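**Q** everything below, folded, please.
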Amino acid sequence: MTGSGARIEAFLEMMVAERGASENTLQSYRRDLEDAADTVDGPLHEAATPQLRDYLTSLTARGFAASSQARRLSALRQFFKFLHAEGVRTDDPTGTLDMPRKDRALPVTLSEDNVGLLLDRAEQEVGEAASDEARFDALRMHALIEVLYATGLRVSELVSLPVTVARRDERFFFVKGKGNKERLVPLTAKAQTAMKAWLGARAAKPVYAGSRFLFPASSESGHLARQVFARDLKGLAARAGLNAADLSPHVLRHAFASHLLQNGADLRAVQQLLGHADISTTQIYTHVLEKRLIALVNDHHPLAD
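**A** The predicted structure follows:
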């Protein structure tokens, strides 16, 4: 066994004895450290910071994701911390190494045209319903997606809306979101109309007469399950000619935010409408703002080509 191999085995033994590491954890550490040992010049336990930095850089070229790179750096840090504690090293060469940056995935969204197709299909199915039951389901779906796209609610907020929202004529209502924080959200005229039509169908079902929810159901919660809505939304998307795999309630929430920004809304206003506690959460949409600003400069700057 090489010097580095012996050091790795000693490290793994410590992980079992002192930290109760599972077999899966040990195998993961072993793979990561042995890969580093096979890649760096010289024994791993003698590696200097530049060698380890080069190793981490090589992971990108080898196609490793940022999360995998971060895991390997974590393994190296644990390993060299152990060597320092054992007196094998007088320094820690991983101390100044940076954690690989995890690129935040851009939200999947829909174009305005595709949202239009979805809303039109939902409205069309109300008119084409062949039975009372089919019309009931179609009216509920139409109300759900009109309200979702008009407000950008989280799906849990949407399915648990109180029935009083539909019984008022105001263009705004308060919704209680994460941490029981209330925020004011708008309602479009089309969303109001869809809710009123749904309210009529709902009233014809005596079983729901005493429910406080706008979208009641015979479930433990008393309201429509978000999984049921997500499933039905995919079915509607397929019938509208869209890729059902790309559709979810969260995608419509993203579409709400993206389309507001595309059409001139302020990022802070969108933050408030989405119920994000921190602006950094809303900043996943800055790519939309960047495109808008570039177009603004190109269209209006006197020196633009």
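
**Q** only C-alpha atoms for contact and neighbour calcs from this point on.
**A** Will do.

**Q** what about the helix or strand containing residue 56, average pLDDT?
**A** Using DSSP states H and E, residue 56 falls within helix 49-61. For helix 49-61, the mean pLDDT works out to 88.

**Q** give me the residues contacting that helix.
**A** 36, 39, 40, 41, 66, 69, 73, 93, 94, 96, 97 (Cα atoms under 8 Å, 6 or more residues apart in numbering).

**Q** out of those residues, who's nearest residue 120?
**A** Of all those, residue 66 has the smallest distance to residue 120: 41.1 Å, by Cα to Cα.

**Q** measure the closest one to residue 176 for me?
**A** From residue 66 across to residue 176, the span is 36 Å (Cα to Cα, to the nearest Å).

**Q** ok, back up a step: so which bits of the helix holding residue 56 are buried?
**A** Going by neighbour count (16 or more other Cα atoms under 10 Å), the buried part of helix 49-61 is 51, 52, 53, 55, 56.

**Q** now do the contacts for the nearest residue to residue 45 once chain neighbours are set aside.
**A** Nearest residue to residue 45, sequence neighbours excluded (Cα to Cα, 6 or more residues apart in numbering): residue 4, at 5.7 Å. Counting by Cα under 8 Å, 6+ apart, residue 4 touches 37, 43, 44, 45.

**Q** quick one: buried residues of the helix or strand hosting residue 124?
**A** If you go by DSSP H and E, residue 124 is part of helix 112-128. Neighbour-count burial for helix 112-128, with 16+ other Cα under 10 Å as criterion, is recorded at 115, 117, 118, 119, 121, 122, 123, 125, 126.

**Q** packing partners of that helix?
**A** helix 132-151, helix 226-239 (3 or more Cα pairs under 8 Å, 6 or more residues apart in numbering; DSSP states H and E).

**Q** the same query, at a cut-off of 10 Å, please.
**A** When contacts are defined as 3 or more Cα pairs under 10 Å, 6 or more residues apart in numbering; DSSP states H and E, helix 112-128 sits against helix 132-151, helix 226-239, helix 249-262.

**Q** give the rounded mean pLDDT of that helix.
**A** Across helix 112-128, the average pLDDT comes to 96.

**Q** and it with helix 226-239, angle?
**A** Orientation of helix 112-128 against helix 226-239 (axes from the mean of the first three to the mean of the last three Cα atoms, to 10 degrees) gives an angle of 100 degrees.

**Q** contacting residues around helix 112-128?
**A** Outside helix 112-128, the residues that touch it by Cα atoms under 10 Å, 6 or more residues apart in numbering are 109-111, 134-146, 149, 194, 233, 236-242, 252, 255-256, 258-259.
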